[in-house]
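Q: sequence and predicted model, in that order:
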Amino acid sequence: MHTDDREEQHGEQESRGYPAPATDRPDHPSQALRIDNGCEVPGEEPATEDKERRQDLGPGHEVEGDGGVGRDRDGDSRNDQRDHHGRDREQEPATPSSQRRLAEARQEQRQQGGERRNARRARGVRPLNAFHVEQSMAPPGRPAPGEVIAKSQAPGEQNAPPPSPSRSRSRCVSRGSILDGAARRQESDRVSRSDRRSQMDPRKTAVVLVEFQNDFTSPGGALHDAVKGSMEATGMLANAQAAATAAREAGATIIHAPIQYAAGYGEITSTPYGILKGVVDTNAFVKGGWGAEIVPDMAPQPGDIVLEGKRGLDAFASTNLDFILRSKGIQTVALGGFLTNCCVESTMRSAYEKGFEVITLTDCVAATSAAEHDNAIAYDYPMFSKPMTGAAFVSALAGETAADGSRGY
C-alpha cells in the first residue's frame with residue numbers, strides 16, 4: 001500500500017470517529033511538560049531547526065524523542081507494521097543516506113539540548129531543591145508539615161548544603177521533651193493521688209469500729225478484765241470516741257461492727273477452739289444481752305451503719321461490709337476496736353487484699369496484753385496498713401498530709 005493510500009485511509013478513519021493518533025492526543029506524554037535535567041520548562045517549543053530538520057527528513061522519519069513513536073521510511077508507525085492477521089509485513093531496508101541524515105539529526109538535537117541547558121544556567125534557573133519542613137521546628141509563618149519549598153538560587157550561588165545533623169538532633173530533643181513532659185505529668189498525677197490519699201477525702205472514707213461492746217469495754221463485761229490494762233494504757237475508748245465524732249462531722253461514713261451469737265452458739269462449731277472457745281466459755285456476746293450491746297460512749301448516731309451477721313473475726317467474712325463500702329464509693333478504711341491483734345488485724349488484712357487504703361488507728365485499739373498489742377502495731381500493722389493515731393487521722397481528714405507509716409519487707 002502506497003503512502004498516499006495510507007494517508008487517505010487514515011483520513012477515512014478520522015472521519016468515521018476513530019481516535020486520533022496517540023501523539024496528537026493532549027494526554028500523550030509528548031504533550032506534557034518537557035523535562036530537562038530535573039527542570040520543568042512549561043510550554044517550551046522545540047527549536048525551529050528541529051522542525052526544519054523533520055521537514056528535510058520527510059514523512060518517513062521522526063527525530064528521536066519526538067512523540068516516542070518511530071516510523072519507517074514509508075511513514076508507517078512501528079505499531080502498524082503488522083497486518084490485520086497479525087503477521088509481520090516486509091519492510092524495506094533503510095538507505096545509507098537516510099541513516100546518515102537520522103544520525104546527523106540526533107547529534108544536532110543533543111547539541112541543541114546542551115545549549116538550552118547552558119542558557120538556563122546562565123539565567124539562574126536551577127533544578128528544584130525540595131525538602132519537607134517539620135511543623136514542630138518551623139516558627140510562625142513557615143510552611144506546614146509535608147509542604148514542599150522550591151528554592152531558586154542566583155547565578156554563581158553555591159548549592160544549598162544538606163540539612164545539618166543538628167536538625168535531626170533538634171527533632172530528637174523535641175520528641176524527648178514531649179516524652180519528658182508526659183513523664184512529668186504522670187509523676188505529678190501519681191504525687192497528686194498520693195497526696196489525696198494521705199489527706200483523705202472524707203466523702204470516700206469509712207471508719208469501721210470493731211466490737212466496742214460492753215463485754216469488752218465496760219466493767220462487769222465477760223472479757224473486760226482481759227483488756228482493761230491495754231485500754232487504760234492507751235486511753236483507747238476516749239481516743240476512739242473523739243476520732244469517730246470528728247470523722248462523722250467531716251462527712252465520713254461511720255460503720256459499727258459488733259459480734260453476737262444466739263444463745264447456745266449454734267451458729268459456730270460445737271467444738272470450738274482458740275479465741276472462739278474463749279467466747280463460748282465466758283458466755284460472751286449473746287444476742288439480746290447487755291454484754292452484746294454497743295457501749296454508750298460509742299453508740300450509733302443518725303446516719304451511722306450497723307453491720308449484721310458478724311460471727312467470726314474478720315468483719316468482711318460473714319457480713320455485707322464489702323458491698324456497703326463499694327456501693328458508697330469508699331476508698332479509705334480506718335479501723336479501731338478489739339482486739340488489736342485479732343479482729344482488727346483480720347479486718348485490716350482483708351481490706352488490704354481487697355484494694356482499699358487501710359488506716360489503723362494505733363491509740364484506738366486494745367489487746368489482752370501489752371506485748372501482743374505492741375507487737376501487732378510494730379510488726380504487723382505497717383505491712384498491711386498506714387498506722388497513725390486518731391488525732392493524725394482527724395488532721396488528715398481536715399486536709400493535712402499525714403505521714404505514711406507503712407513498710408515493705
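A: Cool, got the structure. Numbering: from 1, shown residues only.
Q: use CA for all of it now, contacts and neighbours both
A: OK.
Q: look up phi and psi at the nearest residue to Cys343 once chain neighbours are set aside.
A: The shortest distance from Cys343 to any non-neighbouring residue, by C-alpha to C-alpha, 6 or more residues apart in numbering, is to Leu313 (4.6 Å). Backbone torsions for Leu313, taken as degrees, to the nearest 10, come to phi -90, psi -50.
Q: does Ala367 touch Glu345 like I think?
A: No - contact criterion C-alpha atoms under 8 Å: Ala367 and Glu345 do not qualify, at 10.9 Å.
Q: tell me, what's touching these two both at once?
A: Leu339 (C-alpha atoms under 8 Å, 6 or more residues apart in numbering).
Q: what's around Asp281, how many residues?
A: For Asp281, the neighbour count with other C-alpha atoms under 10 Å is 11.
Q: what distance do you get for it to Lys310?
A: Distance, Asp281 to Lys310, using C-alpha to C-alpha, to the nearest Å: 19 Å.
Q: and the lengthiest strand in the chain, which strands flank it?
A: The strand spanning the most residues in the chain, taking DSSP state E as the definition, is strand 357-366. Strand pairing for strand 357-366, determined by DSSP bridges: strand 332-338 (parallel), strand 386-388 (parallel).
Q: got the angle between the helix or strand following the last one and strand 332-338?
A: Past strand 386-388, heading to the C-terminal end, the next element that is a helix or strand (DSSP states H and E) is helix 390-397. Computed with axes from the mean of the first three to the mean of the last three C-alpha atoms, to 10 degrees, the direction of helix 390-397 lies at 160 degrees from that of strand 332-338.
Q: so where's the stretch 151-300 of the chain shaky on pLDDT?
A: 151-199 (pLDDT under 70).
Q: what about the helices in it?
A: Using DSSP state H, counting those that start in this stretch, the helices found in the stretch 151-300 of the chain span residues 165-199, 214-217, 224-234, 236-250, 275-281.
Q: which outside residues touch the second one?
A: For helix 214-217, the external contacting residues (C-alpha under 8 Å, 6+ apart) are 221-224, 227-228, 237, 284-285, 290-295, 338.
Q: so which of those is the most crowded?
A: Of the contacts of helix 214-217, with other C-alpha under 10 Å as the count, Phe285 tops at 29 neighbours.
Q: domain parsing for the protein?
A: Domain ranges of the chain: 21-76, 197-397, per automatic domain parsing.
Q: export those to JSON lines and tack on distance to Asn118?
A: Formatted as JSON lines, the domains of the chain follow (distance: least, C-alpha to C-alpha, whole Å):
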{"stretch": "domain 21-76", "distance to Asn118": "11"}
{"stretch": "domain 197-397", "distance to Asn118": "78"}
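Q: pick the most deeply packed of these.
A: Mean neighbour count (mean count of other C-alpha atoms under 10 Å) peaks for domain 197-397 among the domains of the chain, with a mean of 19.
Q: about what we covered before: would you turn the strands paired with strand 357-366 into JSON lines with distance to Arg110?
A: Formatted as JSON lines, these follow (distance: least, C-alpha to C-alpha, whole Å):
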{"stretch": "strand 332-338", "distance to Arg110": "88"}
{"stretch": "strand 386-388", "distance to Arg110": "90"}
